[in-house]
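*Asks:* Got a predicted model here, sequence first, then my questions.
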Amino acid sequence: MTRRTTLLAIAFVALLIQPVSGAPAPARPPRALPDALNGIIQSGDLSRTSLGIRVIEADTGRVVFNHNAELPLKPASNMKVMTSAAVLSLLRPEYVFTTGFYAASRPVNGVVRGDLFIKGSGSPQLVGEQWWLMARELRARGITRVEGDLVGDDGYFDDKDRPDGWPGAGEDAFYNAPISALAADFSAVTIVVRPAGEGVSPEVFLTPFSSFFKVVNRAVTRGGNSNLRVGRQFDGEQNSIIVEGNISAKSAPSVSYRCVEQPTMYALSAFKEAAAKEGIAIAGVMRRGALPAGAWKVYEHESLPLAELVRTMNKMSNNYMAESFLKTLGSETSGVPGTSEKGAAAVRSFLEGLGVDTHGLIIRDGSGLSHENRLTAASLSAVLVGMYRDFESYPEFMASLPIGGVDGTLDRRMVGGPAQRRIRAKTGHLNGVSSLSGYAFTHQGKVLAFAILVNEQRGADVWKVRRSIDRLCSAMVESDLPNPEAAEVRRHGPIRTSPGH
């Protein structure tokens, strides 16, 4: 080889063995899970909060991370983890709610010569189309006229329409909806405001039913920006929808959701409106009352199975459904009428049956809206492990939880990160509270049950706190579990294979 050729060959070999600028560095080995989680807690916004965390290896029950796990904290909607676990375990996933239609006497030639009764049993998802289907079923059975009143029997629950610690009737937010054993559309109404011509009042549509409401439309369509205010007022007798301000002529329709007072009467109005469209005339008034002995059963409507209802509740964090489940537990375990207190006692008994320490726990409702609730990360994670071992209810329970980055209340979190699709968990948010509890599937193929409760955020930005929680989830998915010999090993007492049996 010539000297020039030799130098070129040496240069080429040297080029091959040099690192290429911008090439990815070798992947770091995964960190140990406790180190990863502690790093996030100490370095971010979580360091300025009251925080409880417990992570458990679901298969073995060993605790792999612990941080103030015994500290009672506000759970927000993580209370729904307790409610859904208890209701699925005690009532079973196939349980259905019934709504019965009864006549004072047997109908003759399609005419009910007396009152028509609707008896509720807490069915939590009687939305618009359900009322149409029930009215159509009565018409298919030949009913064309009711000469008496339309009477709602809501005695399956007590008369207390909101649990302790909830806002009163003056708060019209949809999540503050009053509870009844006979209710329509989660005791809420959808209000759609559509712009008209400039200087003209916009159109107001109420969905699914409008006849129960008085609409006061003081709004105007303008050429500028929208400044629309939509609210619900209640004077003790009438629910009024108040629309004020202005809506831009170029604006898309505005959609608002408001809760409705007098839920039983709202349900009766929903049925009467649906019945009229099916050609069923009701001559009398609408009122509440008890079903008399010996009434003639005309028809009984069944809800979807409990498993599907719990899925709707957890995916969308529906407060109304959670409270209906809690009172139903009260009725089924301690007798009619169902109350929040009876339901809470059933949940506490369920927890104790799993071996959960209930000291310091306060259960005021089933949804977590009350600021008086107190749970611990230890109790939540123990319930998650208990459900993981319950073959009869676990598949339905797991399927009810939002999926990180995919659906429900987690659809916009963890998107594109390592935790996407590998976290199934229930979110929780109140003023000063953020929580997340559920299951993580690790890169080692392990299932972790975890509970994260954040209180007293002390000025920390709520979005930054949520991002820190999501970082904890990513760490659980990516990090290595500690060596079993070195890790704290703790079980939570006896956990039955089939709670409630």
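*Replies:* Great, that's in hand.

*Asks:* Show me the helices in the protein, by range?
*Replies:* Listed in chain order, the helices of the chain (DSSP state H) span residues 3-17, 33-43, 79-91, 128-140, 263-277, 306-316, 319-334, 340-353, 377-388, 394-400, 462-478.

*Asks:* Take the ones you listed and lay them out in JSON lines including mean pLDDT and mean neighbour count.
*Replies:* (Each C-beta comes from the backbone N, C-alpha and C, glycine too.) Formatted as JSON lines, the helices of the chain follow (pLDDT from 0 to 100; neighbours: other Cβ atoms under 10 Å):
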{"stretch": "helix 3-17", "mean pLDDT": "40", "mean neighbour count": "9"}
{"stretch": "helix 33-43", "mean pLDDT": "94", "mean neighbour count": "17"}
{"stretch": "helix 79-91", "mean pLDDT": "98", "mean neighbour count": "27"}
{"stretch": "helix 128-140", "mean pLDDT": "96", "mean neighbour count": "18"}
{"stretch": "helix 263-277", "mean pLDDT": "98", "mean neighbour count": "23"}
{"stretch": "helix 306-316", "mean pLDDT": "98", "mean neighbour count": "21"}
{"stretch": "helix 319-334", "mean pLDDT": "98", "mean neighbour count": "26"}
{"stretch": "helix 340-353", "mean pLDDT": "98", "mean neighbour count": "21"}
{"stretch": "helix 377-388", "mean pLDDT": "98", "mean neighbour count": "27"}
{"stretch": "helix 394-400", "mean pLDDT": "98", "mean neighbour count": "19"}
{"stretch": "helix 462-478", "mean pLDDT": "95", "mean neighbour count": "20"}
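
*Asks:* export those helices to a markdown table and tack on distance to Ser121?
*Replies:* Listed next are these as a markdown table, based on distance: least, Cβ to Cβ, whole Å:
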| stretch | distance to Ser121 |
| --- | --- |
| helix 3-17 | 77 |
| helix 33-43 | 45 |
| helix 79-91 | 12 |
| helix 128-140 | 14 |
| helix 263-277 | 13 |
| helix 306-316 | 13 |
| helix 319-334 | 8 |
| helix 340-353 | 14 |
| helix 377-388 | 25 |
| helix 394-400 | 21 |
| helix 462-478 | 38 |
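
*Asks:* Which one of the ones you listed lies nearest to Ser105?
*Replies:* helix 128-140 (15.7 Å; Cβ to Cβ).

*Asks:* Show me what that closest one is packed against.
*Replies:* strand 98-103, helix 263-277, strand 296-302 (3 or more Cβ pairs under 8 Å, 6 or more residues apart in numbering; DSSP states H and E).

*Asks:* just how off-centre is that helix within its chain?
*Replies:* 27 Å (Cα atoms, centre = their mean, to the nearest Å).

*Asks:* got the angle for that helix vs helix 263-277?
*Replies:* 50 degrees (axes from the mean of the first three to the mean of the last three Cα atoms, to 10 degrees).

*Asks:* Contacts made by helix 128-140 with the rest, please.
*Replies:* Under the contact criterion Cβ atoms under 8 Å, 6 or more residues apart in numbering, helix 128-140 has outside partners 99, 101, 184-185, 207-209, 267, 270-271, 273-275, 277-280, 298-299, 301.

*Asks:* Ok, which of the helices of the chain comes nearest Asp59?
*Replies:* helix 377-388 (8.2 Å).

*Asks:* Assess the claim that Gln238 and Lys214 are in contact.
*Replies:* Yes. The pair Gln238 / Lys214 is scored as a contact, 5.5 Å apart, by Cβ atoms under 8 Å.

*Asks:* ok, the residue nearest to the spatial centre of the chain to Gly343 distance?
*Replies:* The residue lying closest to the centre of the chain (Cα atoms, centre = their mean) is Ser317, at 1.8 Å. Note on Ser317: its distance to Gly343, by Cβ to Cβ, to the nearest Å, is 18 Å.

*Asks:* And for Lys464?
*Replies:* Here Lys464 is placed at a distance of 36 Å from Gly343 (Cβ to Cβ).

*Asks:* rewinding a little: could you dump the helices and strands packed on helix 128-140 to JSON lines with distance to Gly223?
*Replies:* Below are those laid out as JSON lines (distance: least, Cβ to Cβ, whole Å):
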{"stretch": "strand 98-103", "distance to Gly223": "48"}
{"stretch": "helix 263-277", "distance to Gly223": "36"}
{"stretch": "strand 296-302", "distance to Gly223": "49"}
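
*Asks:* Minimum distance to Asp161: which of those has it?
*Replies:* helix 263-277 (6.9 Å).

*Asks:* Spit out the contact partners of Asn473.
*Replies:* Actually, residue 473 is Cys rather than Asn. Gly404, Met414, Ala419, Ile423, Ala425, Leu436, Ala440.

*Asks:* By neighbour count, which of these wins?
*Replies:* Most neighbours among these, by other Cβ atoms under 10 Å: Ala425, with 31 neighbours.

*Asks:* beta partners of that residue?
*Replies:* Judged by DSSP bridges, the bridge partners of Ala425 are Gly438.

*Asks:* was I right about it contacting Phe441?
*Replies:* No. Look at Ala425 against Phe441 with Cβ under 8 Å: they stay out of range, at 11.4 Å.

*Asks:* before we move on, back to that, pLDDT score assigned to the residue nearest to the centre of the chain?
*Replies:* Looking at Ser317, its pLDDT reads 98.

*Asks:* What distance do you get for it to Gly438?
*Replies:* 13 Å.

*Asks:* Overlap in contacts, the two.
*Replies:* Common neighbours of Ser317 and Gly438 (Cβ under 8 Å, 6+ apart) are Lys426.

*Asks:* Quick check: nearest residue in space to Glu323, chain neighbours excluded?
*Replies:* Ile179 (4.6 Å; Cβ to Cβ, 6 or more residues apart in numbering).

*Asks:* Kindly report the same for Gly432.
*Replies:* Nearest non-adjacent residue to Gly432, counting by Cβ to Cβ, 6+ apart: Gln457, 5.4 Å away.

*Asks:* Could you tell me the end-to-end distance of stretch 216-232?
*Replies:* For stretch 216-232, the first-to-last residue distance is 10 Å (Cα to Cα, to the nearest Å).

*Asks:* I would like the residues contacting it, please.
*Replies:* 172, 189, 191, 193, 195-202, 204, 239-249, 251, 254, 256, 258-260.

*Asks:* any low-confidence regions in the protein?
*Replies:* 1-30, 459, 485-501 (pLDDT under 70).

*Asks:* Apply 80 and report the result again.
*Replies:* 1-30, 44, 457-460, 483-501 (pLDDT under 80).

*Asks:* Mind checking the helices of the chain for the one nearest to Phe157?
*Replies:* Here helix 319-334 is closest among the helices of the chain (Cβ to Cβ), at 4.8 Å.
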